[in-house]
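S.K.: mind looking at a prediction? Sequence and model below.
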Amino acid sequence: MKAEIAVLQGDRKGDVFTIRLGQTLLFGREAQCDVQVFDEGVSRRHFVIESRADHFVVLDMESANGTYINGVRVQEQELRSGDVIRAGNCYFSFHYVGSKNSPNTTAVQFSESQFEGLVPAVAKKFTIRQLGTEVEEDTQAARHLESLKALYEIGNVIHGQQDINSVFDAIMDQVLRVVSADRGYLMMYHPEDASFEPKVVRRTDTVAAESGLTVSRTVMMECVNTGNSLLSSDIAADDRFKDGQSIIANNIRSVICVPLQTPDQTLGVLYLDNLGEGSEGRLFTEYDLMLASAIGRQAGLAIHRAKLFEELDAMFFGTIRALVATIEANDEYTHGHSERVTEFSLAIAQAMDFDAESLDHLRRSAILHDIGKIAISENVLNKPGALTEEEFAQIKAHPVLGAKILRHIKGADAILPGVMWHHEKWNGRGYPDGLKGEDIPLQARIIAVADAFDAMTSSRPYRSNMELEEVIEEFERCKDDHFDGRIVDVFVQLLRSGVIKPHSTSMADRDQDGVQRLTV
């Protein structure tokens, strides 16, 4: 007598393994297993199929997530033809071959289409027959179709984000779309001290008033240590977590915990739970676990990708700061100018409700607004006295020079407007192109105000810095002439409220629109 085990879903989908009486087949992630399966929900040694007299049985090897036959978790069970075994997110069908007397009672029958073209672990369409009762196929198909649609959209949303915090929010928002939970937590794991850091917390209205962060560390550590997705439908009856104090204290009824992984490490967990005592509280199902696991796999990669972007961004921005500092280092009057202009510009933009992406572009543009000065002679930049017309013409070339330098950097288009046109004036008498009014990009109009403010409040060898009331008076006089009046109004409000303060030790570069030039 022999039997065949076909892989219906998983990394070895389509493979078929044969077992004869007297043989055993061990399934798991270890290389020593007879059938090695690469799946986050499969334990190193998950289950074994072995022969007993004239039949075969499944034995669970104390796996973390359990072994299921036809959707029911088992420790040891005789196999019948047509049985479907699940370990993690892998499905195997069992059939006896070549014996008329073989056990062949089919407990559950799954159609072929259940496992075709799936987002991992989510069935497309199937019919279940159990003890003569048929679950309505159309209802199941509709549910699975909706899940597939949701997972497709989730992938687009998660992977469309680059900012790490936006990725965290997108993951939690989307998982709660498809899995009904009282609470959801996205926790990053720090292996150096085995601690968890909450990044996103969501609670339903019924538990919104609770205090503190009350999750089961027992469950999360189990998930991290095994690297497997975990479901405890009724955690009070689960021996694995019966001693968990937070479980008892907070009436946690049902838990799903999914690892957020890259190919090399576990970054954290996605933790969902439902609360309630006794028969109260919704119990999570295998289907909920499959959906959460599918999202978790995408989420780990998205977080890893966003972290790489964050590291690259930090390196890029650090390089920019070093370059700007080099330009300003040779002149005590320009030291720190670009940093301050960036600070002032962002304060204005935040008051004007810029989104995160626009703020990021403005930040880069402001810190680089004087980058073109790297191509101007130090003798001109550091000249202690008044500039000649020829020297001032060199200074006026720095916006164009800066834009030329930055055009060689991929993705710089979004920051060029502030670099190129921060010396344009609302009345059209600025440089380099004489742009007027709203033809001047908003990014440049904001930097122009911040730039002038730093110049006015900086001391010079030939003049002292202006007092705050003098600055406000000068901006009021020049609004809708040199500057966009709407931006001036916002800026003056920030000055009066103390959100923006002049730096008492500020020293700005001499080509900015200081008090003498503002009155021209």
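M.R.: Thanks, I have it.
S.K.: where does the chain have low pLDDT?
M.R.: 98-162, 205-213, 234-251, 276-282, 317, 321, 327-335, 410-411, 459-464, 503-520 (pLDDT under 70).
S.K.: which helix or strand contains the residue nearest in space to the middle of the chain?
M.R.: Taking Cα atoms, centre = their mean as the criterion, Val167 is the residue nearest the geometric centre of the chain, at 2.0 Å. Take DSSP states H and E as the rule and Val167 turns out to sit in helix 164-178.
S.K.: how about Leu272?
M.R.: Element membership of Leu272, judged by DSSP H and E, is strand 266-275.
S.K.: ok, Glu476 next?
M.R.: helix 468-478.
S.K.: C-alpha coordinates for that helix, CSV please?
M.R.: What follows is helix 468-478 as a C-alpha-only set of coordinates in CSV (Å, rounded to 0.1, in the frame of the first residue of the first chain):
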residue,chain,number,x,y,z
LEU,A,468,12.1,92.3,16.2
GLU,A,469,9.6,95.2,15.9
GLU,A,470,11.8,96.8,13.2
VAL,A,471,11.8,93.5,11.3
ILE,A,472,8.0,93.2,11.5
GLU,A,473,7.6,96.8,10.4
GLU,A,474,9.9,96.2,7.4
PHE,A,475,8.1,93.0,6.4
GLU,A,476,4.7,94.8,6.6
ARG,A,477,6.1,97.6,4.4
CYS,A,478,7.4,95.2,1.8
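S.K.: next SSE downstream of it?
M.R.: Counting by DSSP H and E, what follows helix 468-478 is helix 485-497.
S.K.: what's the spacing between that following helix and its chain's center?
M.R.: 34 Å (Cα atoms, centre = their mean, to the nearest Å).
S.K.: repeat that for stretch 432-452.
M.R.: Distance, stretch centre to chain centre, for stretch 432-452: 34 Å (Cα atoms, centre = their mean).
S.K.: show residues contacting that stretch.
M.R.: The contact list for stretch 432-452 (Cβ atoms under 8 Å, 6 or more residues apart in numbering) reads 340-342, 344-345, 348-349, 361-362, 365-366, 369, 396-397, 399-400, 415, 417-418, 420-428, 430, 475, 482-484, 487-488, 491, 512-514, 518. Just so you know, the C-beta spots here come from the backbone N, C-alpha and C atoms, and that holds for glycine as well.
S.K.: would you mark the buried spots in it?
M.R.: 432, 435, 440-452 (16 or more other Cβ atoms under 10 Å).
S.K.: what's the closest of those to Leu312?
M.R.: Closest to Leu312 out of the buried residues of stretch 432-452 is Gln443 (22.4 Å), distances taken as Cβ to Cβ.
S.K.: any idea which element the closest residue to the closest one other than its chain neighbours lies in?
M.R.: Spatial nearest neighbour of Gln443, excluding adjacent residues (Cβ to Cβ, 6 or more residues apart in numbering): Gly418 at 4.1 Å. Taking DSSP H and E as the definition, Gly418 sits inside helix 416-421.
S.K.: check the offset of that helix from the chain's centre.
M.R.: For helix 416-421, the distance to the chain centre is 30 Å (Cα atoms, centre = their mean).
S.K.: again with stretch 446-459
M.R.: On Cα atoms, centre = their mean, the centre of stretch 446-459 falls 36 Å from the chain's centre.
S.K.: got the CA positions of that stretch in CSV?
M.R.: This file holds the C-alpha atoms of stretch 446-459, laid out as CSV (Å, rounded to 0.1, in the frame of the first residue of the first chain):
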residue,chain,number,x,y,z
ILE,A,446,8.8,81.0,1.4
ILE,A,447,12.6,80.7,1.3
ALA,A,448,12.8,84.4,0.3
VAL,A,449,11.0,85.5,3.5
ALA,A,450,13.1,83.2,5.7
ASP,A,451,16.3,84.3,3.9
ALA,A,452,15.5,88.0,4.4
PHE,A,453,14.6,87.5,8.0
ASP,A,454,18.0,85.9,8.8
ALA,A,455,19.7,88.8,7.0
MET,A,456,17.8,91.4,8.9
THR,A,457,18.5,89.9,12.3
SER,A,458,22.2,89.3,11.7
SER,A,459,25.0,91.6,12.7
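S.K.: circling back to that earlier point, filter the contacts of stretch 432-452 to the buried ones?
M.R.: By 16+ other Cβ under 10 Å, the contacts of stretch 432-452 give 340-342, 344-345, 348-349, 361-362, 365-366, 369, 397, 399-400, 415, 417-418, 420-426, 430, 475, 482-484, 487-488, 491, 512-514, 518 as buried.
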